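> all I have is the shape, not the residue letters:
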């Protein structure tokens, strides 16, 4: 596959031909694999992709001399924004909703805004129109500094964004409707990170206070603590800040739980070899998969700094997750049986080359069971893929 050799630097909504003769490869009776983008052309590397119910995938990427936010339908790549002209840089966090609106993070170029200095800002793009999302501003009486670094974001179908941001004072969970949901200086919390939001306006986020790790669900003034009674909860927050608890519109949260053992008053050990992928609807916890069977870990390898990889959940309750296998290798799965429920795994052939590693985001599955992921192939290229479930051979909507 080859992209057009030159991407217009300041383009907004520029579409590029993507499909080629090798772009679709049917691996088995379970999935057809659609190539959405790869590094054989202008792209050099990718952030984690996200997908909406139309099957459109959004992703951040580096190109030859630029950072950008893009979407792909499998036939066409559209440039949302690049770090020239209006933007000094484009961040990794990205989201897309079912209307096709894309939320992305960028640092406006000096002089492009009325602020005295450039800070990370959230923008949305709808049908080629880019809009800056107003930043949360603490009241002057509080004396708190503004949040100037966006760690993660999520976008619902009503256009509301939940995001995690940092300032000199700490970390906060905020909403684009102007509300402050939680701060790390809260008496209950020593840190917060990784937020997600559904269409009902419920926001979930990870919190930590000492050795207590929780996922909190917040709707208005009501806060519910979601905890695991099977495993003490621990959700790793990777350096990219791209991961968050996965939340569907029914209010069910999917997450990774690991054994945690305090070793002293100030230190603890986390055991990735005793872990589970769990679903929690607020009243019932369901185990999707655990390390008592064929899976050895739900933490990624050296390419991703051995971070626990949170799963993705859709409105049908299907959970897609990353796992390492007892027999060696890694992959993406949607259930406890690594053969029956495999989406992709290392050693599989994909577009003519062997898969060497894979990566999944918490918005990596849609309500039709389509799964998007990054794969590194034996020829050295990275490829963003959409796995489309076929009508036979696989129950793609595991309850």
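Cool, the structure landed. Small disclaimer: the values here were computed from a predicted structure and weren't measured. Numbering: from 1, shown residues only.
> neighbours around the spatially closest residue to residue 347 that is not a sequence neighbour, how many?
Nearest in space to residue 347, with sequence neighbours left out and distances taken as C-beta to C-beta, 6 or more residues apart in numbering, is residue 329 at 5.7 Å. Just so you know, the C-beta spots here come from the backbone N, C-alpha and C atoms, and that holds for glycine as well. Neighbours of residue 329 under the rule other C-beta atoms under 10 Å: 18.
> now do the contacts for residue 329.
If you count contacts by C-beta atoms under 8 Å, 6 or more residues apart in numbering, residue 329 has them with 345-347.
> need those residues in JSON lines (columns: distance to residue 34).
Converted to JSON lines, those look like this (distance: C-beta to C-beta, whole Å):
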{"residue": "345", "distance to residue 34": "18"}
{"residue": "346", "distance to residue 34": "20"}
{"residue": "347", "distance to residue 34": "20"}
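> got a markdown table for these, with neighbour count, distance to residue 290 and secondary structure too?
Putting the contacts of residue 329 into a markdown table (neighbours: other C-beta atoms under 10 Å; distance: C-beta to C-beta, whole Å; DSSP: H, G, I helix; E, B strand; the rest coil) gives the following:
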| residue | neighbour count | distance to residue 290 | secondary structure |
| --- | --- | --- | --- |
| 345 | 17 | 18 | strand |
| 346 | 18 | 21 | coil |
| 347 | 12 | 23 | coil |
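> distance to residue 150 and pLDDT for the residues you listed - can I get that in JSON lines?
Output for the contacts of residue 329, formatted as JSON lines (distance: C-beta to C-beta, whole Å; pLDDT from 0 to 100):
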{"residue": "345", "distance to residue 150": "33", "pLDDT": "96"}
{"residue": "346", "distance to residue 150": "32", "pLDDT": "96"}
{"residue": "347", "distance to residue 150": "37", "pLDDT": "95"}
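> so how far is the first residue of stretch 366-381 from its last?
25 Å (C-alpha to C-alpha, to the nearest Å).
> okay, buried residues for that stretch please.
366, 368-377, 381 (16 or more other C-beta atoms under 10 Å).
> one more: stretch 283-292?
Neighbour counts over stretch 283-292 (16+ other C-beta under 10 Å) mark 285, 288-291 as buried.
> could you dump those to CSV with distance to residue 126, secondary structure and pLDDT?
Formatted as CSV, the buried residues of stretch 283-292 follow (distance: C-beta to C-beta, whole Å; DSSP: H, G, I helix; E, B strand; the rest coil; pLDDT from 0 to 100):
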residue, distance to residue 126, secondary structure, pLDDT
285, 37, strand, 88
288, 34, strand, 96
289, 37, strand, 96
290, 41, strand, 94
291, 43, coil, 93
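> by residue count, what's the longest strand in the chain?
Criterion DSSP state E: the longest strand present in the chain is strand 268-280.
> rounded mean pLDDT for it, please.
Over the span of strand 268-280, the pLDDT mean works out to 80.
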